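*Asks:* for reference, the sequence and a predicted model appear below.
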Amino acid sequence: MKTVLHVVGARPNFMKVAPIYRAIAERGRLQQILVHTGQHYDVKMSDVFFTDLKLPPPDIHLGAGSGSHAEQTAKVMVELEKVCAGERPDLISVVGDVNSTLAASLVAAKALIPLAHVEAGLRSNDRTMPEEINRIVTDRLADFLLTPSTDADENLRREGVDEARIFFVGNVMIDSLLTFRERAQKLPTLAQMGLLPRRYAVCTMHRPSNVDDPETLYDLLGALGEISRIVPVIFPVHPRTRKFLSAADAPRPLAEFPELRLIDPMGYLEFLSLTSQAGLILTDSGGLQEEATALDVPCLTLRKNTERPVTVTLGTNIIVGTDPGRIVAEATKALSGNGKKGRLPDRWDGRTAARIAEIFERALLGSASISEPDRPRLNGA
Ligand code: UD1
């Protein structure tokens, strides 16, 4: 049997790989190997997602851990290269834009193993974001570019990517959301936290540009504090943010805002139970902008730009930047029932993983060899 090797490493990878893994397993025509790079390693950043998403434990763990960008990327590369030499997979599938994605793409390309990138083509056009570098390089190297939205297709065409490599499959993370939403909403999370549906906000924030600089971080916390005077603001704190919060001297005591609730990172289901019933989401995460659109919850993105413009053009997302005045004004508007309304982008329908599985099968089991530059377009479009 031909083998697909999936690489996961960081929290936002798990909800993308889970539906693909399941779809391929259900069809039963390809063998799979799941490799965890170890970029994220805390129970609350990794293990809980395997349980929640019903993803089997990784077959291989590379134990890369934290480090500078070069260290982390290099550690994954060194270990994954050995795995590839031993296993000789027929295809390597990577998702998203984290350092593990980049590292695996470089290994695949140099080992001459066909590479598929799920969530290809997204561009913030902001190279100060490490993820933007990861996206550009991964897309440059990938044989199969599986895109979540048509703006991504256009970005790839503009960069000169051969049309035959582009496959508009939709948003695979939304497959997970649709699979688990009902189950998540049955959890007693809101009751346990003393929250009422739509009468609270959820915040996540971990981008280096927002949290590594104490001044920006405390400006943003001040804005969240003001919002927490209107409704409780639930803020599960990413370890990166926690590190900078503990390192910096708070110019303004957080105790001033008892309803700005800083809590530990949450598992997938528990967090989905919160986001799906929230009145407002504030975030600098890419994935959460998309989830807010799929859940039809107004979203304020605490960044200057987004690589996911469809969440703004069609969805519930507004890019508000980091100006506290603007953030509080937009939040007040949304919480008074005048938040942005949206609709679902095309192919965010829960069927993306099935499309991906089919493309992988046609690539590996069909007659066309993907290394032929003139191979037929496999998505049948
Ligand atoms: C990474 C991704 C980012 C993604 C985010 C989701 C890159 C360049 N960045 O950022 O795109 O949005 O994951 O969470 O790949 N740490 C722990 N425990 C863990 C993991 C990390 O304590 O399980 C701490 C460490 O101090 C580490 C820091 O968080 O140094 C940052 O982790 P890292 O994986 O380097 O980047 P993230 O900020 O998590």
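*Replies:* Thanks, I have the structure now.
*Asks:* who's in contact with the closest residue to Gly121 other than its chain neighbours?
*Replies:* Closest residue to Gly121 apart from its sequence neighbours, by Cβ to Cβ, 6 or more residues apart in numbering: Ala152 at 2.8 Å. From N, CA and C alone the C-beta is placed, and that goes for glycine too. Ala152 is in contact with Ala120, Gly121, Leu122, Arg123, Phe168, counting by Cβ atoms under 8 Å, 6 or more residues apart in numbering.
*Asks:* can you redo these as a markdown table with distance to the ligand?
*Replies:* Converted to a markdown table, these look like this (distance: Cβ to the nearest ligand atom, whole Å):
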| residue | distance to the ligand |
| --- | --- |
| Ala120 | 16 |
| Gly121 | 17 |
| Leu122 | 12 |
| Arg123 | 15 |
| Phe168 | 23 |
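*Asks:* what is the nearest of those to Ala357?
*Replies:* Ala357 lies nearest to Phe168 out of these, by Cβ to Cβ, at 15.6 Å.
*Asks:* for that closest one, give me phi and psi.
*Replies:* phi -80, psi 100 (degrees, to the nearest 10).
*Asks:* how many other residues sit next to it?
*Replies:* Neighbours of Phe168 under the rule other Cβ atoms under 10 Å: 20.
*Asks:* Leu314 versus that one, what's the distance?
*Replies:* Distance of Phe168 to Leu314, computed by Cβ to Cβ, to the nearest Å: 15 Å.
*Asks:* kindly report the residues of this protein close to the ligand.
*Replies:* 10-12, 39-42, 45, 66, 72, 98-99, 130-131, 206, 238-240, 243 (Cβ under 6 Å from any ligand atom).
*Asks:* could you turn the buried ones of the contacts of Ala152 into a ChimeraX selection?
*Replies:* Buried residues among these (16 or more other Cβ atoms under 10 Å), as a ChimeraX selection:
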select :120,121,122,123,168
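*Asks:* confirm for me that Arg29 is in contact with Glu361.
*Replies:* Yes - the criterion here is Cβ atoms under 8 Å, and Arg29 meets it with Glu361 at 5.5 Å.
*Asks:* so which of these two has more stuff around it?
*Replies:* Neighbour count, other Cβ under 10 Å: between Arg29 and Glu361, Glu361 has more, with 17 against 13.
*Asks:* the more buried one: what secondary structure?
*Replies:* helix (DSSP: H, G, I helix; E, B strand; the rest coil).
*Asks:* ok, it - contacts?
*Replies:* Going by Cβ under 8 Å, 6+ apart, the list of residues near Glu361 reads Arg27, Arg29, Leu30.
*Asks:* could you do Thr311 as well?
*Replies:* Gln289, Glu290, Ala292, Thr293, Cys299, Asn317, Gly342.
*Asks:* what is the nearest residue to it once chain neighbours are set aside paired to in the beta sheet?
*Replies:* Computed as Cβ to Cβ, 6+ apart, the closest residue to Thr311 that is not its neighbour in sequence is Asn317, at 3.9 Å. Going by DSSP bridges, Asn317 is paired in beta bridges with Cys299.
*Asks:* test my guess that Asn317 contacts Gln289.
*Replies:* Yes - counting by Cβ under 8 Å, Gln289 is a contact partner of Asn317 at 5.0 Å.
*Asks:* buried residues in the host helix or strand of the residue nearest to Gly121?
*Replies:* Here Ala152 is covered by helix 150-158, with elements defined by DSSP states H and E. Along helix 150-158, these residues count as buried under the neighbour rule (16+ other Cβ under 10 Å): Asp151, Ala152, Asp153, Asn155, Leu156.
*Asks:* who's in contact with the third one?
*Replies:* Applying Cβ under 8 Å, 6+ apart, one finds that Asp153 lies in contact with Gly121, Thr147, Ile166, Phe168.
*Asks:* so which of those residues are in helices?
*Replies:* Among those, no residue falls in helices (DSSP state H).
*Asks:* could those be laid out in TSV, adding distance to Pro232 and pLDDT?
*Replies:* Formatted as TSV, those follow (distance: Cβ to Cβ, whole Å; pLDDT from 0 to 100):
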residue	distance to Pro232	pLDDT
Gly121	37	98
Thr147	37	98
Ile166	44	98
Phe168	39	98
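*Asks:* mind picking the two most distant members of those?
*Replies:* Gly121 and Phe168 (9.1 Å).
*Asks:* so what sits against both of those two?
*Replies:* Thr147, Ala152, Asp153.
*Asks:* ok, of the residues you listed, which one's closest to the ligand?
*Replies:* Nearest to the ligand, judged by Cβ to the nearest ligand atom, of the shared contacts of Gly121 and Phe168 is Ala152 at 17.0 Å.
*Asks:* one step back: mean confidence (pLDDT) on the helix holding Ala152, please.
*Replies:* The pLDDT scores in helix 150-158 average 98.
*Asks:* mind saving the C-alpha coords of it as CSV?
*Replies:* Extracted in CSV, the C-alpha atoms of helix 150-158 (Å, rounded to 0.1, in the frame of the first residue of the first chain):
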residue,chain,number,x,y,z
THR,A,150,-10.4,31.3,-4.0
ASP,A,151,-8.3,34.3,-2.9
ALA,A,152,-5.5,31.8,-2.1
ASP,A,153,-5.8,30.4,-5.7
GLU,A,154,-5.4,33.9,-7.0
ASN,A,155,-2.3,34.5,-4.8
LEU,A,156,-0.7,31.3,-6.2
ARG,A,157,-1.5,32.1,-9.8
ARG,A,158,0.0,35.6,-9.3
